[in-house]
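**Student:** fold the stuff below for me.
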Amino acid sequence: MTDQLLTLNAGSSSIKVALFDAAGADGDLPAAHWSGQADGLGAGLDARLRIRDAQGRTLHDAKLEGDARSHRGALAALLDWHAQQGGAGRIAGVGHRIVHGGMDFVAPVRIDDAVLHDLAALEPLAPLHQSHNLAGVRAAMQAFAGVPQVACFDTAFHAVQPELNRRFALPRDLHDAGVRRYGFHGLSYESIAHQLARQAPEVANGRVIVAHLGNGASMCAIAQGRSVATTMSFSPLDGLTMGTRCGRLDAAVVLYLMRSRGMSADAVEKLLFRESGLLGLSGVSSDMRALEASDEPAAAEAIDHFVEQVVQHMGSLAAALRGVDAIVFTGGIGENGAGLRARVLEDCAWMGVELDAAANGGGQARISTGSSRISAWVLRTDEEAVIARHTARVLA
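**Tutor:** Numbering: from 1, shown residues only. Alright, predicted model coming up:
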């Protein structure tokens, strides 16, 4: 019987699951037998569960109703579907995306009760993610009793950043206690770094800005495959405008809301994490597709705000790298938003990037002209393959 690895990636509005062969998974990024995704969870959107095979053919496509629209319910539906397949192999391990690893978890680790306890303590730093991540761990522990569970951290990729880029200008004892820039989306950035190394090694060895644009959005400056600086910091709230998160914010705004508007800490947290971003700006939706389809002026303004933040952070990360050789778009918006990519690159023309409009609209990996000083790319992130690779290595 073939040993297999299952990966669980529970995000703020989605859950992804994939099945891999354990043999050889610790080498290059492996390919999944099948992958499933539940979208539209907890965001007032139409929730669906879709499962496809390795060739992209649909194995299951159904609307999620009632309790199945929650993260826990959608995860149960995914695990139920897997159980109904009978299976041709044994689940030898389950790998999990964990958003926040704090100071202590800077590499993948096998999960036990002590690890679960320590990760639960980090939930206030990533309230949209950490609890869902850990719910996935607990559900998998119950569904696959005795099977090793491995935590793979979004923060780990950034642990190699220069110390200057990890510090706030706060007293040193606070930094030592963990009040520092961690960075997130590390599994996605690791996936892109691996793909670039295969497809364009001359680019991978240079200075690259990766824009992971989706409901959660961040950007990362990478030099020779290693993180140098990134837009998210202490929590996944910082940096770019996101679906429901405010992004970069003067800390004094929080003090004002609490002192002058009488808001509690819980109310401020709800405002900044769940009611701001594209949703707050537009009053229409947190979904970029809905905003692009809307005739509301506020929807257009929200898109303009998002584009402007990407362009401004592009300049900041270029400075951190002391120059740029390539720009990569990934994530749900980055991979599918040709019009938005065009706007960003046209506003970054001063950097030396020239858009190839036909390639951008035609689904090509490289979307810059041959004469462009900075190359531009669109690559589909594969966090699940990175999780499977780390899981195989830990179990080995």
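**Student:** only C-alpha atoms from now on, for both contacts and neighbour counts.
**Tutor:** Will do.
**Student:** longest helix in this protein, please.
**Tutor:** The single longest helix within the chain, with elements called by DSSP state H, is helix 297-321.
**Student:** got the residue ranges for the helices in the stretch 251-396 of the chain?
**Tutor:** Under the criterion DSSP state H, counting those that start in this stretch, the stretch 251-396 of the chain carries helices at the ranges 251-259, 265-274, 277-282, 288-293, 297-321, 331-336, 338-347, 357-361, 383-395.
**Student:** buried set for the longest helix of the chain?
**Tutor:** For helix 297-321, the neighbour count (16 or more other CA atoms under 10 Å) marks 298-300, 302-303, 305-311, 313-318, 320-321 as buried.
**Student:** how about the contacts made by the residue most central in space within the chain?
**Tutor:** In the chain, the residue lying closest to the centroid (CA atoms, centre = their mean) is residue 185, at 4.1 Å. Residue 185 sits next to 99, 154, 155, 212, 218 when contact means CA atoms under 8 Å, 6 or more residues apart in numbering.
**Student:** ok, the second one touching residue 96?
**Tutor:** Right, the one you point to is residue 154. No. Residue 154 is beyond contact range of residue 96, at 10.4 Å (criterion: CA atoms under 8 Å).
**Student:** more neighbours, these two?
**Tutor:** Using other CA atoms under 10 Å, the more surrounded residue of residue 154 and residue 96 is residue 96, with 29 against 25.
**Student:** ok but the more buried one is inside a helix, no?
**Tutor:** No. Residue 96 is assigned strand when assessed by DSSP: H, G, I helix; E, B strand; the rest coil, not a helix.
**Student:** what residues does it make contact with?
**Tutor:** Residues in contact with residue 96, defined by CA under 8 Å, 6+ apart, are 7, 8, 9, 133, 136, 137, 149, 150, 151, 152, 387.
**Student:** what helices or strands is the helix-or-strand element of the chain with minimal mean pLDDT leaning on?
**Tutor:** Using mean pLDDT, DSSP states H and E, the weakest-scoring helix or strand in the chain turns out to be helix 71-84, at a mean of 80. For helix 71-84, the contact count by 3 or more CA pairs under 8 Å, 6 or more residues apart in numbering; DSSP states H and E identifies strand 15-21, helix 130-143 as packing neighbours.
**Student:** so can I have a markdown table of the ones you listed showing mean neighbour count, distance to residue 74 and mean pLDDT?
**Tutor:** Below are these laid out as a markdown table (neighbours: other CA atoms under 10 Å; distance: least, CA to CA, whole Å; pLDDT from 0 to 100):
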| stretch | mean neighbour count | distance to residue 74 | mean pLDDT |
| --- | --- | --- | --- |
| strand 15-21 | 23 | 7 | 90 |
| helix 130-143 | 20 | 10 | 88 |
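**Student:** for residue 178, which of these is the nearest?
**Tutor:** Residue 178 sits nearest to helix 130-143 of all the helices and strands packed on helix 71-84, at 17.0 Å, using CA to CA.
**Student:** what angle do the closest one and strand 15-21 make?
**Tutor:** Counting by axes from the mean of the first three to the mean of the last three CA atoms, to 10 degrees, helix 130-143 lies at 40 degrees to strand 15-21.
**Student:** what packs against helix 130-143?
**Tutor:** strand 2-10, helix 71-84, strand 89-98, helix 113-120, strand 149-153.
**Student:** quick one: mean pLDDT over the fourth one.
**Tutor:** Along helix 113-120, the predicted local confidence has a mean pLDDT of 96.
**Student:** could you check the angle strand 89-98 makes with it?
**Tutor:** On the basis of the same axes, to 10 degrees, helix 113-120 is oriented at 40 degrees to strand 89-98.
**Student:** other residues contacting helix 113-120?
**Tutor:** Under the contact criterion CA under 8 Å, 6+ apart, helix 113-120 has outside partners 100, 101, 130, 131, 134.
**Student:** now do the buried residues in that helix.
**Tutor:** Those would be residue 119, for helix 113-120 by 16+ other CA under 10 Å.
**Student:** pretty sure residue 364 sits against residue 378.
**Tutor:** Yes. Checked against CA under 8 Å, the pair residue 364 and residue 378 is within contact range at 7.3 Å.
**Student:** contact partners of stretch 270-278?
**Tutor:** 128, 237, 241-247, 285-288, 302-303, 306.
**Student:** export only the CA atoms of that stretch, formatted as PDB.
**Tutor:** Extracted C-alpha coordinates of stretch 270-278, given in PDB (Å, rounded to 0.1, in the frame of the first residue of the first chain):
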ATOM      1  CA  LYS A 270     -13.200  43.700  14.400                       C
ATOM      2  CA  LEU A 271     -13.000  47.000  12.500                       C
ATOM      3  CA  LEU A 272      -9.400  46.700  11.400                       C
ATOM      4  CA  PHE A 273      -9.500  43.000  10.500                       C
ATOM      5  CA  ARG A 274     -13.000  42.400   9.300                       C
ATOM      6  CA  GLU A 275     -14.700  45.700   8.300                       C
ATOM      7  CA  SER A 276     -12.000  47.700   6.500                       C
ATOM      8  CA  GLY A 277      -9.900  47.200   3.400                       C
ATOM      9  CA  LEU A 278     -11.700  46.900   0.100                       C
END
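**Student:** what about that stretch, average pLDDT?
**Tutor:** 97.
**Student:** same check, this time on stretch 234-246
**Tutor:** Mean pLDDT, stretch 234-246: 97.
**Student:** next, give phi and psi for residue 219.
**Tutor:** phi -140, psi 150 (degrees, to the nearest 10).
**Student:** how about it: what's its closest non-neighbour residue?
**Tutor:** Distance criterion CA to CA, 6 or more residues apart in numbering; nearest residue to residue 219, sequence neighbours excluded, is residue 211 at 4.4 Å.
**Student:** which secondary structure state is assigned to that neighbour?
**Tutor:** Under three-state DSSP, the three-state class of residue 211 is strand.
**Student:** OK, contacts around residue 186?
**Tutor:** Residues in contact with residue 186 (CA under 8 Å, 6+ apart) are 153, 154, 155, 156, 157, 158.
**Student:** the helices of the stretch 251-396 of the chain: which one's closest to residue 166?
**Tutor:** The minimum distance between residue 166 and the helices of the stretch 251-396 of the chain falls on helix 297-321, with 12.4 Å, by CA to CA.
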